[in-house]
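> I'd like to go over a predicted model; first the sequence, then the structure.
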Amino acid sequence: MPKKFKSLKGQLLLDGGELRGSFFHRTVILMCQHDEQGALGLVLNRFMERTLEGALTEEVPESMLQQPLFLGGPVQPTALSFLYSGAFLSDAIVLEDVALGHSLEMLVECAQSHSPERRLRVFAGYSGWGPGQLEGELKRNAWLTHSATAELVFHPRPEQLWRIILKMKGWPYQVLADAPEDLSRN
């Protein structure tokens with residue numbers, strides 16, 4: 001009997017130490033969609049060297065222009081997506097208090113929200129897998145999984161997220177978290 005498909009939507013994928021030299025080296029990805037047709041996720045811990053001011057040609061409120069831009073993945077780097085939380089979550093719920101958006105109108109609406117719970121992260125590009133591709137990578141132990149929370153998704157120090165989560169997972173992941181970027185310097 002075929003194994004029942006298990007979606008990773010709402011989970012985090014972490015480089016398990018096998019992705020050195022690839023785009024995904026030391027990344028943390030929030031899985032936003034995952035079914036038999038493939039998967040879509042956003043890299044949470046890779047900043048771009050620009051803000052929305054340098055990425056959008058459309059008119060947006062001044063308050064949005066300094067919003068940092070994250071590199072969501074290598075696929076379609078000109079496509080914008082965003083993760084948000086707050087009072088008006090759409091149908092694209094990824095986690096209990098985190099939703100995914102793609103339209104500029106919704107992004108502006110989120111940015112102008114006065115909800116005290118509002119959190120927003122904007123991404124250029126995304127990470128995508130075709131049917132069965134992610135499952136194959138998981139079988140080869142390229143990825144570790146971890147439960148996602150809004151606190152991790154909107155962590156104030158995303159550049160440290162990979163290490164923080166590995167340390168939360170305990171030994172032996174702490175060893176991986178503390179390993180130097182360049183193993184020849186060990």
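Happy to help now that I have it.

> Now do the least confident helix or strand in the chain by mean pLDDT: which elements does it pack against?
For the chain, using mean pLDDT, DSSP states H and E, the weakest element among its helices and strands is helix 104-112, scoring a mean of 83. With contacts taken as 3 or more C-beta pairs under 8 Å, 6 or more residues apart in numbering; DSSP states H and E, helix 104-112 sits against strand 75-85, strand 119-129. From N, CA and C alone the C-beta is placed, and that goes for glycine too.

> how much distance is there from it to the middle of the chain?
Here helix 104-112 shows a centroid-to-chain-centroid distance of 19 Å under the convention C-alpha atoms, centre = their mean, to the nearest Å.

> Could I have the CA atoms of it written out in CSV?
Only the C-alpha atoms of helix 104-112 are listed here, as CSV (Å, rounded to 0.1, in the frame of the first residue of the first chain):
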residue,chain,number,x,y,z
LEU,A,104,0.9,44.7,-4.0
GLU,A,105,-2.5,45.9,-2.9
MET,A,106,-2.5,43.4,0.1
LEU,A,107,1.1,44.3,0.9
VAL,A,108,0.1,48.0,1.1
GLU,A,109,-3.0,47.2,3.2
CYS,A,110,-0.8,45.1,5.6
ALA,A,111,1.8,47.9,5.9
GLN,A,112,-0.9,50.5,6.7
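
> Now do the buried residues in that helix.
106, 107, 108, 110, 111 (16 or more other C-beta atoms under 10 Å).

> still on that earlier bit, select, out of the helices and strands packed on helix 104-112, the one closest to residue 11.
Nearest to residue 11 among these is strand 119-129; the distance by C-beta to C-beta comes to 13.3 Å.

> May I have the closest one as CSV, with CA atoms only?
C-alpha atoms of strand 119-129 as CSV (Å, rounded to 0.1, in the frame of the first residue of the first chain):
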residue,chain,number,x,y,z
ARG,A,119,4.4,41.8,11.6
LEU,A,120,5.6,41.8,8.0
ARG,A,121,8.4,40.3,6.1
VAL,A,122,8.8,40.9,2.3
PHE,A,123,10.7,38.4,0.0
ALA,A,124,12.0,38.6,-3.5
GLY,A,125,11.9,35.1,-5.1
TYR,A,126,11.0,31.8,-3.6
SER,A,127,12.2,28.3,-3.1
GLY,A,128,10.3,25.7,-5.1
TRP,A,129,10.4,21.9,-5.6
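
> In this protein, where is pLDDT below threshold?
1-2, 87-91, 182-186 (pLDDT under 70).

> Please, where are all the helices along this protein?
With DSSP state H, the ranges of helices along the chain come out as 104-112, 133-139, 150-153, 161-168, 173-178.

> Many thanks, have a good one.
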